[in-house]
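>>> got a sequence here, can you model it:
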Amino acid sequence: MNVLIADKFEQSGIDGLKALGCQIVYEPSLKDDALTQSLARSAAQILVVRSTPVSSAMMDAGQLSLIVRAGAGVNTIDVAGASQRGIYVSNCPGKNAIAVAELTFALMLALDRRISDNAAALKAGRWNKKEFSQAKGLFGRTLGLIGFGHIGQEVARRARAFGMPVKVWSRRFSADAEARRRASEEFNLEVIDRAEQVAAAADVLSLHLALTKETRGFVGDQILGHLKPGAMVINTARAEVLDYAALTRVAQQKGLRIGLDVFANEPVPTEGPFEDAIITLPNVVGTHHIGASTEQAQEAIAAETVRIVRMFVETGRVPNVVNLARHSPASHMLVVRHLDKPGVLAHVFDHLRAANLNVQETENIIFEGAHAAVARINLDGQPSVETVTAIQSGNRDILNLQVVTL
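Residues are numbered from 1 along each chain as shown. Model prediction:
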């Protein structure tokens, strides 16, 4: 397999891919037209990226079968375009969760103990113990979590050690009572029905939403307006899930303390000038979108990327794939018990094609001894009695047919 790595990637991951027999092209600064040209030139079947955007036009330039996002989320990849082209899109969920959870608490502590101001005063030669001794502390403070994926769960685990009661809102709990019960018991937390209620109860509100069309701008005036005066807001998720204009307004009204690892106007290169009005507000601390950037996290992501590619190369299956249909569009299943001989399934498919029936999914399971098999063929419509009769009577190796409505 030809693999193009178009982002910074750990050497352990490169070595692991080479050990699979993959031909590696490592060009970590590729983007835009240069990436398109490299895909065409390398004839890559697998593309590995981190933050580099991947458009559908890029996919047309090469021979891609698989795109791996070496991190969590796939918002920089045209997933719909990949689906239309039959290209798998996979990612590495949860592998950076601990790193992001650690930064979440670093931002909380930096706000509560004014670490940045402390350090700046010392470096400027000023000693002011009286001013910097004013801190509320985290123990006993309520931590509100909006979103409860891998990162939110790691934050909840660490909150227990800090003695912080945890209240959580997540869309998944409204549809899954059992998941709600398990989360409450395992993490010793309270699941809340509405995000606004979490904000109202929270001394610290931490965001851990994946970016989707439903979550874009989800945390805005309606949620932020319920915060207590002086509460903290932490965002180590995606800038797009938070309305930064609304956050600025509420922060000025209520004296919020804000910790941010993600910003609405981040520079595309890893270095360069940066301007964002929110960072100039009092009681705001920020970091350079480094939540996942620990050696531990990057090594774990590299190992997961290698596992994904290994599975694809060896079995044709893709772990963590995000763009397969969750539910088959098929309406009927044709169950065919047959002798395990050549031409049986070709005979069946020929008649289905003649009836203009599309096969959505199929599997063929062999009985012990390899004398007989059963094929389950999901179809986009119901085969007529005539089609079923023609299939059954046209091949003596077919033992039985059954049509099941899905």
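>>> wouldn't residue 155 be in contact with residue 208 here?
Yes: when contacts are counted by C-beta atoms under 8 Å, residue 155 is listed as touching residue 208 (6.7 Å). Yep, even glycine has a C-beta here, placed from its N, CA and C like the rest.
>>> shared neighbours, the two?
With C-beta atoms under 8 Å, 6 or more residues apart in numbering applied, the overlap between the contact sets of residue 155 and residue 208 consists of residue 145.
>>> check which helices and strands the worst-scoring helix or strand of the chain on mean pLDDT is in contact with.
Using mean pLDDT, DSSP states H and E, the weakest-scoring helix or strand in the chain turns out to be helix 171-175, at a mean of 88. For helix 171-175, the contact count by 3 or more C-beta pairs under 8 Å, 6 or more residues apart in numbering; DSSP states H and E identifies helix 177-187 as packing neighbours.
>>> now with 10 Å?
Helices and strands in packing contact with helix 171-175 are listed as helix 177-187, strand 190-191; criterion 3 or more C-beta pairs under 10 Å, 6 or more residues apart in numbering; DSSP states H and E.
>>> now do the buried residues in it.
Under the neighbour-count criterion of 16 or more other C-beta atoms under 10 Å, helix 171-175 has 171, 173 buried.
>>> give me the residues contacting that helix.
Contacts of helix 171-175 with the rest of the structure, by C-beta atoms under 10 Å, 6 or more residues apart in numbering, involve 146-149, 179-181, 183-184, 191-195, 209, 212, 214-215, 218.
>>> any of those buried? List them.
146, 147, 148, 149, 180, 183, 191, 192, 195, 209, 215, 218.
>>> excluding sequence neighbours, find me the nearest residue to the third one.
By the measure of C-beta to C-beta, 6 or more residues apart in numbering, the closest residue to residue 148 outside its immediate chain neighbours is residue 170, 3.9 Å from it.
>>> for the one you found, grab the count of nearby residues.
By other C-beta atoms under 10 Å, 22 other residues sit near residue 170.
>>> I'd say it and residue 209 touch.
Yes: judged on C-beta atoms under 10 Å, residue 170 makes contact with residue 209 at a distance of 8.7 Å.
>>> common neighbours of those two, please.
Shared contacts of residue 170 and residue 209, defined by C-beta under 10 Å, 6+ apart, comprise 145, 146, 147, 148, 149, 152, 195.
>>> Throw those residues into JSON lines and include secondary structure, distance to residue 235 and pLDDT, thanks.
Shown next, in JSON lines, are the shared contacts of residue 170 and residue 209 (DSSP: H, G, I helix; E, B strand; the rest coil; distance: C-beta to C-beta, whole Å; pLDDT from 0 to 100):
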{"residue": "145", "secondary structure": "strand", "distance to residue 235": "12", "pLDDT": "98"}
{"residue": "146", "secondary structure": "strand", "distance to residue 235": "10", "pLDDT": "98"}
{"residue": "147", "secondary structure": "coil", "distance to residue 235": "11", "pLDDT": "96"}
{"residue": "148", "secondary structure": "coil", "distance to residue 235": "16", "pLDDT": "96"}
{"residue": "149", "secondary structure": "coil", "distance to residue 235": "15", "pLDDT": "93"}
{"residue": "152", "secondary structure": "helix", "distance to residue 235": "13", "pLDDT": "97"}
{"residue": "195", "secondary structure": "helix", "distance to residue 235": "14", "pLDDT": "97"}
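>>> in the chain, where is pLDDT below threshold?
Along the chain, the model assigns pLDDT under 70 to residues 269.
>>> report the contact partners of residue 78.
When contacts are counted by C-beta under 10 Å, 6+ apart, residue 78 touches 53, 54, 55, 56, 57, 58, 59, 67, 84, 85, 87, 89.
>>> residue 406: which of these is nearest?
residue 84 (24.2 Å; C-beta to C-beta).
>>> and the closest one, how close does it get to residue 56?
With distances defined as C-beta to C-beta, to the nearest Å, the gap from residue 84 to residue 56 amounts to 7 Å.
>>> with residue 344 instead?
With C-beta to C-beta as the criterion, residue 344 and residue 56 are 39 Å apart.
>>> neighbour count for these two, which is higher?
For residue 344 versus residue 56, the count of surrounding residues by other C-beta under 10 Å is larger for residue 344: 21 against 16.
>>> contacting residues around the spatially closest residue to the more buried one that is not a sequence neighbour?
If you skip the residues right next to it in sequence, residue 344 has residue 338 as its closest partner in space, 4.7 Å away by C-beta to C-beta, 6+ apart. For residue 338, the contact set (C-beta under 10 Å, 6+ apart) comprises 344-345, 347-348, 364, 372-375, 395-401.
>>> which PyMOL command selects the buried ones in those residues?
The buried residues among the contacts of residue 338 can be selected in PyMOL (16+ other C-beta under 10 Å) with this line:
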select buried, resi 344+345+347+348+372+373+374+375+395+398+401
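>>> now, the contacts of residue 338 that are in helices?
Judged by DSSP state H, the contacts of residue 338 include 344, 345, 347, 348 as members of helices.
>>> now residue 255, nearest residue through space, not along the chain?
residue 230 (5.3 Å).
>>> and for the one you found, the neighbour number?
As a burial measure, residue 230 scores 12 neighbours (other C-beta under 10 Å).
>>> and residue 170, how far is that from residue 220?
Distance from residue 170 to residue 220, counting by C-beta to C-beta: 18 Å.
>>> quick one on the thing from earlier: show the contacting residues for the residue nearest to residue 148.
145-149, 152, 176, 179-180, 183, 191-192, 195, 198, 208-209.
>>> swap in residue 234?
For residue 234, the set of contacting residues under the criterion of C-beta under 10 Å, 6+ apart consists of 103-108, 111, 143, 145, 155, 204-208, 257-261, 285.
>>> if we go to 6 Å?
Residue 234 makes contact with 104, 107, 206, 259, according to C-beta atoms under 6 Å, 6 or more residues apart in numbering.
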